[in-house]
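In: Got a predicted model here, sequence first, then my questions.
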Amino acid sequence: MKLDWLKPLLGRTGPFTTVYLDATRADAAGETEVLDRWKGLRRELDRQGAPAALLDEIEERVTTQTRVPGPHGRVLIADSQGVAIDRVLADPPASNVAVHGPVPSLLPAARAADEAVSYLLVQVDRQGADLWWSDEAGRLDARQHEVVEGDHDVIRKVRSGDGWAHRRMQMRAEDSWERNAETVAAEIDRQVVERCPELVILTGDVREVPLLHEALGHRTKELVVDVPGGSRAEGVKQDAFDERVHATLEAFRARRREEVLDRFRQEQGRAGAAVTQLGDVVAVLQRGQVSELVLLESVSTPASALAERTVWVGPDPLQIAVDRAGLEAMGVDEGARELRADIAVVRAALGQDAGLTFAVDGSVDLIDGVGAVLRWHDPSTPSESLLTQSGDRTRVHDVV
């Protein structure tokens, strides 16, 4: 999972105000429910010293409808200048949380965002297609709906008749289907290049779906999954189709996660471009080597072992060290501070455009609950098979 959406926090200084809220509205009158949830959080933030003007700004945003149907959550992160992050989450948080302090609470937001998939749903028939884009939470957004119509008008075969005229009409119909598929495919290819979805779900007319699939460009074809049961017409069994889409997205999430973990295991097994243990992960974060930060799911809980550890950081996200002496050795004198390790490693990963993957506990061998897949490695890269530059002999671990 990419962390790009958290980039507005880079370069900002605390204190930060972080809010995780159940934004679900049971019905049109659900405004009161959300407001009641917020009022409790506001009282808590007020006790923690959050400025009243900032709380007013957050309240104005919280009470503005998201227009997202069904259960969902919301995360808002602000500093003294105002709200920097305002994002809808696919699922409501387990509990509403509000924190005002020197650093933003990043892990719950990243954990929730890890469930989101950016995708395009294409419903096609012999005339054209409806394109539905997901929003930032991975839900279909009615405001991002487009219609693409083909420009060939002979779309149905003649059911009876014989002779050349009848055969010619059949051929014209089939040619129209192909030309309309090409028109739709060209528009999908253009938008895939422009918007870079992770997945394209294709459904609709059983004759047109394979024609459209064939007309798509190579880049789009690599993203396509056919899901039967959808249609542009009314009368489709929407609940059954929605369940198929949900299962497709779940399978994609699992595959996306497993691809990262497979890379980690392979590189770890040959002492290559992967490291684990907090000290080694800090070392590669300093050097901008990290392609994907890997955390156990348990790390996202406040009582995790990693949350109880601290490291030292400077003003720049890549200024990170296991102790103050290490930070001073990097030339950082001003702005040095001690920070919770779980927050610091996510901050450093964000600063080098790394991704973030959460692993089910027990699915991968991570010392301290943290590891990294690297962009590159060299002889000076920490290795679990050797005593490394961290100097911590107690953390030597034989990876099998």
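Out: That came through, no problem. Numbering: from 1, shown residues only.

In: where are the low-confidence patches of the stretch 201-350 of the chain?
Out: Applying pLDDT under 70 to the stretch 201-350 of the chain flags the ranges 302.

In: Could I get the full set of strands for it?
Out: Assigned by DSSP state E, counting those that start in this stretch, the strands in the stretch 201-350 of the chain fall at 224-226, 274-276, 290-296, 310-313, 320-321, 337-340.

In: ok, and what's touching the longest one?
Out: Translated: strand 290-296. 107, 260-261, 263-264, 273, 281, 284, 306, 342, 345-346, 348-349, 352, 354-361, 364, 366, 369-375 (C-beta atoms under 8 Å, 6 or more residues apart in numbering). Every C-beta, even on glycine, is put in place using the N, C-alpha and C of the backbone.

In: And that strand, how far out from the chain middle?
Out: 14 Å (C-alpha atoms, centre = their mean, to the nearest Å).

In: and what of the fifth one?
Out: A distance of 26 Å separates the centroid of the chain from that of strand 320-321, by C-alpha atoms, centre = their mean.

In: now for it, which elements pack on it?
Out: helix 278-286, strand 310-313, helix 324-329, helix 341-351 (3 or more C-beta pairs under 8 Å, 6 or more residues apart in numbering; DSSP states H and E).

In: Listing partners with orientation, what would you give for that strand?
Out: Neighbouring strands of strand 320-321 in its sheet, by DSSP bridges, are strand 310-313 (antiparallel).

In: Over to the third one?
Out: According to DSSP bridges, the neighbouring strands of strand 290-296, each with its direction, are strand 355-359 (parallel), strand 370-374 (antiparallel).

In: For Leu54, find the nearest of the ones you listed.
Out: strand 355-359 (27.3 Å; C-beta to C-beta).

In: avg pLDDT for the closest one?
Out: The pLDDT scores in strand 355-359 average 92.

In: could you check the angle helix 341-351 makes with it?
Out: 140 degrees (axes from the mean of the first three to the mean of the last three C-alpha atoms, to 10 degrees).

In: Show residues contacting strand 355-359.
Out: Residues contacting strand 355-359 (C-beta under 8 Å, 6+ apart): 1-3, 110-111, 114, 257, 260-261, 291-297, 299-300, 346, 349, 366.

In: Now Gly131: which helix or strand?
Out: One thing to correct before we go on: residue 131 is Leu, not Gly. strand 128-134 (DSSP states H and E).

In: Buried residues in the helix or strand that comes right after that strand, which are they?
Out: Where DSSP H and E defines the elements, the next helix or strand beyond strand 128-134 is strand 140-149. Judged by neighbour count using 16 or more other C-beta atoms under 10 Å, the buried positions of strand 140-149 are Leu140, Val148.

In: which stretches of the stretch 1-150 of the chain form helices?
Out: 31-48, 52-62, 107-113 (DSSP state H, counting those that start in this stretch).

In: quick one: contacts for the residue lying closest to Glu338 once chain neighbours are set aside?
Out: Sequence neighbours aside, Thr310 is the residue nearest to Glu338 in space, at 4.9 Å (criterion: C-beta to C-beta, 6 or more residues apart in numbering). Each residue near Thr310 by C-beta under 8 Å, 6+ apart is listed here: Glu338, Leu339, Arg340, Ala341, Ala344.

In: need the contact list for Leu10.
Out: Leu10 neighbours (C-beta under 8 Å, 6+ apart): Pro317, Leu350, Gly351.

In: re earlier: ranking the helices of the stretch 1-150 of the chain by mean pLDDT, which is last?
Out: helix 107-113 (a mean of 73).

In: For that one, which outside residues touch it?
Out: So helix 107-113 is in contact with 1, 3, 5-6, 18, 20, 73, 75, 77, 85, 87, 89-91, 93, 97, 295, 297, 299-300, 342-343, 346, 356, 358, going by C-beta under 8 Å, 6+ apart.

In: follow-up on the earlier one: direction included, what does the strand holding Leu131 pair against?
Out: Strand 128-134 has these strand partners (DSSP bridges): strand 119-124 (antiparallel), strand 140-149 (antiparallel).

In: Go through the ones you listed and name the closest to Arg47.
Out: Among those, the nearest to Arg47 by C-beta to C-beta is strand 140-149 (36.6 Å).

In: Just the CA trace of the closest one, in PDB.
Out: Presented in PDB, the C-alpha positions along strand 140-149 are these (Å, rounded to 0.1, in the frame of the first residue of the first chain):
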ATOM      1  CA  LEU A 140     -17.700   3.000  -5.900                       C
ATOM      2  CA  ASP A 141     -18.400   6.700  -6.200                       C
ATOM      3  CA  ALA A 142     -21.600   7.800  -8.000                       C
ATOM      4  CA  ARG A 143     -19.900  11.100  -8.700                       C
ATOM      5  CA  GLN A 144     -17.200   9.300 -10.700                       C
ATOM      6  CA  HIS A 145     -19.500   7.700 -13.200                       C
ATOM      7  CA  GLU A 146     -19.000   8.000 -17.000                       C
ATOM      8  CA  VAL A 147     -20.800   6.600 -20.000                       C
ATOM      9  CA  VAL A 148     -19.000   5.600 -23.200                       C
ATOM     10  CA  GLU A 149     -21.200   4.900 -26.200                       C
END
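
In: Report the mean per-residue pLDDT for that strand.
Out: For strand 140-149, mean pLDDT is 85.
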